[in-house]
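Engineer: sequence plus the predicted model coming up.
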Amino acid sequence: MSDVFFTEMDIPMPKYNLDIHGVSHGAMTGRMLEGVEKIILKENPDWVLIYGDTNSTLAGALAAAKLHVKVAHVEAGLRSFNMKMPEEINRIVADRLSTILLCPTQTAVSNLGKEGYGQFQSKIIMTGDVMLDAARFYEKQASNMGKIAKYIKYTRFALATIHRAENTDDIGRLKEIALALNELHKTIPVVLPLHPRTSKKLSDLGVKLDVHLLEPVGYFDMISFLSSCEIVLTDSGGLQKEAYFFEKPCVTFRDETEWVELVEVGANKIVGANKTAILAAANSYLQSKPNFSQNLYGNGEAAKKIIEALLNYK
């Protein structure tokens, strides 16, 4: 699925692709650790820059730390406080192994302070969010290239995504979300670009989605959908923020979020996988939009601040 992003966004293809997928967390992380270690030994970098909370984030941090190469973690300090989430484990370990902690929000900075990072040999820097940089940079290009009319004819619609394992691997949660989306579709069309893994799970578990289903779309098309929709319903971490960037209320199919500031300002409602709660939150937002005036994620210059932090580190 990643190829479309490199092509559309005019990003150079990576020099290395470990091509590791379809295995357990342990196997995936182990293979990534081995692969990244070989690349570090070959390239001898000054820094290893890791992003987010994936298994590759963890593998990059571990490989670099073991080889005594400095680690800089973009999106440091995020916490859901749910240790059952593999992402939470990944981000905590990655933070502890990092030399520079590049935080997207003040909440992230505060989380690290509470965990005692002021006593560690690491530097905490508030940069803002690089996803805001990307959204602003590509927004104009997306308006020219992302043509939602080729997918849908609705003038008013809700945008939904489902991919997180806590929902797709639990038939009870998946059914509740599907029932809620099916019901909401009767009020406002629900457009759902379906992740391949989610599609397979729905088929395997016999769960029916009676909404407007699409194949996965590229970044520009997703930006166009975000710009045009009325409301976002998702379990994605990134999409919660992007909804805010485009001033769209968000209903999140999770029991907690790392982006607590969105909940605090009323732009995001955390509803778990409960049909009644999902519908109540969605209908509330359709009747009354929240305020999007607060600057939660910086000024769109996070990447510049990250580069400066790396160049000026002493």
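Structural biologist: Thanks, I have the structure now.
Engineer: show me where the stretch 151-300 of the chain has helices.
Structural biologist: Under the criterion DSSP state H, counting those that start in this stretch, the stretch 151-300 of the chain contains helices at 165-168, 171-184, 196-205, 219-228, 237-245, 260-264, 275-287.
Engineer: got CSV for those, with distance to residue 123 too?
Structural biologist: Every C-beta, even on glycine, is put in place using the N, C-alpha and C of the backbone. Formatted as CSV, the helices of the stretch 151-300 of the chain follow (distance: least, CB to CB, whole Å):
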stretch, distance to residue 123
helix 165-168, 33
helix 171-184, 39
helix 196-205, 37
helix 219-228, 31
helix 237-245, 24
helix 260-264, 23
helix 275-287, 39
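Engineer: next, the buried residues of the host helix or strand of residue 109.
Structural biologist: Using DSSP states H and E, residue 109 maps to helix 106-114. By 16 or more other CB atoms under 10 Å, the buried positions in helix 106-114 come out as 107-109, 111-112.
Engineer: which other helices and strands contact it?
Structural biologist: Counting contacts by 3 or more CB pairs under 8 Å, 6 or more residues apart in numbering; DSSP states H and E, helix 106-114 is packed against strand 100-103, strand 123-126, helix 260-264.
Engineer: number of nearby residues for the residue nearest to residue 162 when sequence neighbours are not counted?
Structural biologist: Excluding the flanking residues, the one nearest residue 162 by CB to CB, 6 or more residues apart in numbering is residue 198, at 5.2 Å. By other CB atoms under 10 Å, 23 other residues sit near residue 198.
Engineer: let me see the contact set for residue 198.
Structural biologist: Residue 198 makes contacts with 162-163, 168, as judged by CB atoms under 8 Å, 6 or more residues apart in numbering.
Engineer: which residues of the protein fall in strands?
Structural biologist: Along the chain, counting by DSSP state E, strands occupy 47-51, 70-74, 100-103, 123-126, 158-160, 190-193, 212-214, 231-234, 250-252, 268-270.
Engineer: what's in contact with the fourth one?
Structural biologist: Counting contacts by CB under 8 Å, 6+ apart, the residues outside strand 123-126 that touch it are 76-77, 99-103, 105-106, 108-109, 112-113, 117-118, 298, 305, 309, 313.
Engineer: whichever of the residues you listed end up buried, select them in PyMOL.
Structural biologist: To isolate the buried subset of those in PyMOL, counting by 16+ other CB under 10 Å, use the following:
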select buried, resi 76+77+99+100+101+102+103+105+108+109+112+117+298+305+309
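Engineer: re the thing from before, so which of the helices and strands packed on helix 106-114 gets nearest residue 134?
Structural biologist: Ranking these by proximity to residue 134 (CB to CB) places strand 100-103 first, at 15.2 Å.
Engineer: what packs against that closest one?
Structural biologist: Contact here means 3+ CB pairs under 8 Å, 6+ apart; on that basis strand 100-103 packs against strand 70-74, helix 106-114, strand 123-126, helix 302-311.
Engineer: give me the nearest residue to residue 18, chain neighbours excluded.
Structural biologist: In space, residue 18 is closest to residue 35, 4.2 Å off (CB to CB, 6+ apart).
Engineer: so who does that neighbour touch?
Structural biologist: Here residue 35 is in contact with 16, 18, 20, 59 (criterion: CB under 8 Å, 6+ apart).
Engineer: distance of it from residue 97?
Structural biologist: Noted for residue 35: a distance of 18 Å to residue 97, by CB to CB, to the nearest Å.
Engineer: over to residue 272?
Structural biologist: Distance from residue 272 to residue 97, counting by CB to CB: 32 Å.
Engineer: can you get me a residue count around the closest residue to residue 259 other than its chain neighbours?
Structural biologist: Spatial nearest neighbour of residue 259, excluding adjacent residues (CB to CB, 6+ apart): residue 240 at 5.2 Å. For residue 240, the neighbour count with other CB under 10 Å is 23.
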